[in-house]
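Asks: curious how this folds, go ahead:
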Amino acid sequence: MVCDNQSVGANSYSWSFGEGGTSTAIDPEYVYTLSGTYQVELIATSQHGCLDTAYMDVITNANVIFPNVFTPDPNGPSGGTYTLFDLSNDVFFPYTYGVVEYKLEMFNRWGEQIFESLDIKIGWDGYYRGEICQQDVYVWKAYIKLNNGKIYNLNGDLTLLRY
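Replies: The predicted structure follows:
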């Protein structure tokens with residue numbers, strides 16, 4: 001979730017996301033780990049100590065979405081770490097939350113496994129043995145269990161584009 005703070009005249013902010021997470025950023029990003037309904041609270045404070053509070057209910061649903069194209073960073077491997085809202089498209093990962101079990105495998109066109117991750121926070125950066133992979137179509141397999149009990153055994157193909 002990306003928050004859009006519309007406060008006027010405040011110079012400090014206190015966010016509470018309803019599941020224990022907090023932030024003091026102006027427009028924070030927050031990823032829920034469980035599906036459900038949460039009340040988000042923002043307390044905005046002016047330089048003179050005046051407070052104003054806003055509330056909003058957020059409903060989260062668990063789902064899994066995989067992209068089908070990505071462009072790895074030609075400047076070297078990243079280890080697969082990514083930020084959920086980063087738009088650079090240089091790491092292949094599923095868009096999901098509420099994951100309690102995870103496995104992602106990548107295969108080249110000859111069926112050789114070239115990547116595996118058991119950590120939802122680590123995707124494939126397009127490198128194998130320290131070298132960027134060639135522009136091609138790759139196959140992925142994923143096992144994902146969500147906190148709402150849904151289990152996904154998915155597979156698909158991914159086009160790696162080099163620029």
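Asks: any idea how far D86 is from E131?
Replies: Applying C-beta to C-beta, to the nearest Å, the value for D86 to E131 is 23 Å. The way it works is simple: take the backbone N, C-alpha and C, and place the C-beta from them, glycine included.
Asks: show me the strands in the chain, by range?
Replies: Assigned by DSSP state E, the chain shows strands spanning 10-16, 22-23, 36-46, 51-60, 64-65, 69-70, 95-96, 99-107, 113-117, 127-128, 131-132, 136-146, 151-160.
Asks: closest to G79 out of those?
Replies: Shortest distance between G79 and these, using C-beta to C-beta, is found for strand 127-128: 9.0 Å.
Asks: follow-up on the earlier one: now the strands of the chain as TSV including mean pLDDT?
Replies: Shown next, in TSV, are the strands of the chain (pLDDT from 0 to 100):
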stretch	mean pLDDT
strand 10-16	96
strand 22-23	94
strand 36-46	93
strand 51-60	91
strand 64-65	86
strand 69-70	96
strand 95-96	86
strand 99-107	95
strand 113-117	98
strand 127-128	97
strand 131-132	96
strand 136-146	95
strand 151-160	95
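Asks: can I get those in JSON lines with distance to M1?
Replies: Converted to JSON lines, the strands of the chain look like this (distance: least, C-beta to C-beta, whole Å):
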{"stretch": "strand 10-16", "distance to M1": "11"}
{"stretch": "strand 22-23", "distance to M1": "11"}
{"stretch": "strand 36-46", "distance to M1": "8"}
{"stretch": "strand 51-60", "distance to M1": "6"}
{"stretch": "strand 64-65", "distance to M1": "16"}
{"stretch": "strand 69-70", "distance to M1": "23"}
{"stretch": "strand 95-96", "distance to M1": "13"}
{"stretch": "strand 99-107", "distance to M1": "16"}
{"stretch": "strand 113-117", "distance to M1": "24"}
{"stretch": "strand 127-128", "distance to M1": "31"}
{"stretch": "strand 131-132", "distance to M1": "33"}
{"stretch": "strand 136-146", "distance to M1": "17"}
{"stretch": "strand 151-160", "distance to M1": "22"}
